[in-house]
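1. The sequence isn't on hand, but the structure is:
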Ligand SMILES: Nc1ncnc2c1ncn2[C@@H]1O[C@H](COP(=O)(O)OP(=O)(O)OP(=O)(O)O)[C@@H](O)[C@H]1O
Ligand SMILES: O=C(O)c1ccc[n+]([C@@H]2O[C@H](COP(=O)([O-])O)[C@@H](O)[C@H]2O)c1
């Protein structure tokens, strides 16, 4: 019997959240038999410019709309933890939630540049990683420096799901109906999208605290 709750962590800018995030999260939840997926809305991706990044509160609100009536929790917990780098966030999260098992989720575009993240091998040692195929990025992900190291830890989906205990490093590759949607395309067609998500500060679904509605895109 499984003792711990199994949580998929999808970190992202969510600038804005879109149907692709929802679709891959529901798919991954079913495929990996997760209890929940947490969308961790980043105060500021260390590798992305601040220009063009909407305020954190608007991005969180867009995520709450996309996550409606789904086993997806939206959180900006990195703001509270004061972390920007994923390796630091995951350390703090696993300490705070010792009764949860986490798997880090990311699209193939992020695997393609994973070797540029701070202490990326330590991220892989901390929790299993599931990579979701993404149109236009799969070849780059396969050929990436991170994949050259990670591929030895590849685990077939069925044995990953059937393991009583998760261990790391472990890499699961998930392939299903490719989803073309991206926040870049949405911003191109609707540069003022964030105006529709103005309003009172939203409540963080993990910490139950209010997320300030001001500019929250501070660099690390
Ligand atoms: N259509 C998709 N297919 C697979 N993975 C996706 C898809 N959209 C987003 N993701 C993944 O979800 C996570 C958060 O994505 P993010 O918020 O950056 O959205 P995005 O559409 O990639 O944004 P942008 O176009 O601004 O880079 C990332 O790991 C990303 O790879
Ligand atoms: O820790 C790092 O060095 C690092 C570098 C780039 C991206 N990340 C994280 O990767 C996640 C996906 O970011 P994004 O902007 O591609 O949606 C998000 O949680 C970021 O904080 C983390």
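-> All right, it came through fine. A quick note: this is a predicted structure, and the numbers were derived from the prediction, not measured. Residues are numbered from 1 along each chain as shown. Ligands and ions are numbered 1, 2, ... in the order given.

2. to the chain's geometric centre, what's the distance from the longest helix along the chain?
-> The residue-count maximum for a helix in the chain (DSSP state H) belongs to helix 19-32. What separates the centre of helix 19-32 from the centre of its chain is 11 Å, taken as C-alpha atoms, centre = their mean, to the nearest Å.

3. Give me the buried stretch members for stretch 175-194, please.
-> Buried residues in stretch 175-194, counted by 16 or more other C-beta atoms under 10 Å: 179, 181-183, 186-187, 193-194. C-beta here means a position set from N, CA and C on the backbone, and glycine is covered the same way.

4. Ligand 2: which of these is nearest?
-> residue 183 (7.8 Å; C-beta to the nearest ligand atom).

5. Enumerate every residue touching the nearest residue to that closest one once chain neighbours are set aside.
-> Among residues not flanking residue 183 along the chain, residue 15 sits closest, at 5.1 Å (C-beta to C-beta, 6 or more residues apart in numbering). Contact analysis of residue 15 by C-beta atoms under 8 Å, 6 or more residues apart in numbering lists 52-54, 59, 183, 187.

6. one more time with 7 Å
-> 53-54, 59, 183 (C-beta atoms under 7 Å, 6 or more residues apart in numbering).

7. May I have the phi/psi pair for it?
-> Backbone torsions of residue 15, given as degrees, to the nearest 10, read phi -120, psi 60.

8. do you know how far it is from residue 81?
-> Computed with C-beta to C-beta, to the nearest Å, the distance linking residue 15 and residue 81 is 20 Å.

9. residues from the chain in reach of ligand 1?
-> For the chain, the residues in contact with ligand 1 (C-beta under 6 Å from any ligand atom) are 10, 12-15, 20-21, 24, 106-107, 109-110, 132, 134, 179, 181-184.

10. Restricted to strands, list those.
-> If you go by DSSP state E, the residues of the chain next to ligand 1 have 10, 12, 106-107, 132 in strands.

11. which of those residues are close to ligand 2?
-> Applying C-beta under 6 Å from any ligand atom to these, one finds that residue 12 fall near ligand 2.
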